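[1] heads up, no residue letters with this:
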C-alpha cells in the first residue's frame, strides 16, 4: 500500500537534529543576522535554555547552533488546553554572508539571548581562485 507521507517521514528521520526525536519535541530558533564594519553578528532568543546546553560551530562559512532545553519536573497530570512552551532539541544552520575568521568567533549568552560575533576576514586573507573561462568551438 502506498503511503503518501512515508517519503517525507524518511527525510525528517535522516536530519541530524531530528533523528530519534519527535517533531513535537524539537524547534528551530529564529535568527537575526547582520553585518557591522568588522563582523557578522547573529542573535537568537533561547529563553529557558542553559548556556552549557548550547553548541556553536563555524566551519567553511556555515554557522551551526544546536542544543537542548529540558523540563526537569513536567507534571503529566496537568490538563492542558494549549501547550506552547517549547522544550526539546534545537538545530539551526545558516550560511554566513561574508568570509569570517572562524577561529576568532565568540559567543555570549545574556538575558536569554545568544549573541555570536564572527570577525570578518581581511580582504587579503580570503582565498581567491582564478578561473579561466574558455569558449568551446562548435563543430557541426
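    Done, it's in. Quick caveat, the model's predicted, so the values are computed rather than measured.
[2] what's stretch 104-124 in contact with?
    Residues from elsewhere that reach stretch 104-124 (Cβ atoms under 8 Å, 6 or more residues apart in numbering): 35, 38-49, 51, 54, 56, 58, 63, 65, 96, 98-102. Glycine gets a C-beta too; all of them are placed from N, C-alpha and C.
[3] could you list every residue that touches residue 32?
    When contacts are counted by Cβ under 8 Å, 6+ apart, residue 32 touches 42, 43, 44.
[4] which intervals of the chain have sub-threshold pLDDT?
    When residues are selected by pLDDT under 70, those of the chain lie in 1-25, 71-77, 83-86, 124-130, 134-135, 138-140.
[5] just the helices in it please.
    Assigned by DSSP state H, the chain shows helices spanning 6-14.
[6] which among the contacts of residue 32 end up buried?
    Among the contacts of residue 32, those scoring as buried are 42, 44 (criterion: 16 or more other Cβ atoms under 10 Å).
[7] please report how far residue 98 lies from residue 78.
    Using Cβ to Cβ, to the nearest Å, residue 98 is found at 47 Å from residue 78.
[8] these two: which has the busier surroundings?
    residue 98 (12 against 8; other Cβ atoms under 10 Å).
[9] surely that one and residue 37 touch.
    No - look at residue 98 against residue 37 with Cβ atoms under 8 Å: they stay out of range, at 11.0 Å.
[10] show me the contacts for the closest residue to residue 31 other than its chain neighbours.
    Leaving aside its sequence neighbours, residue 31 sits nearest to residue 44 (Cβ to Cβ, 6 or more residues apart in numbering; 5.0 Å). Under the criterion of Cβ under 8 Å, 6+ apart, the contact list for residue 44 reads 29, 30, 31, 32, 65, 92, 113, 114.
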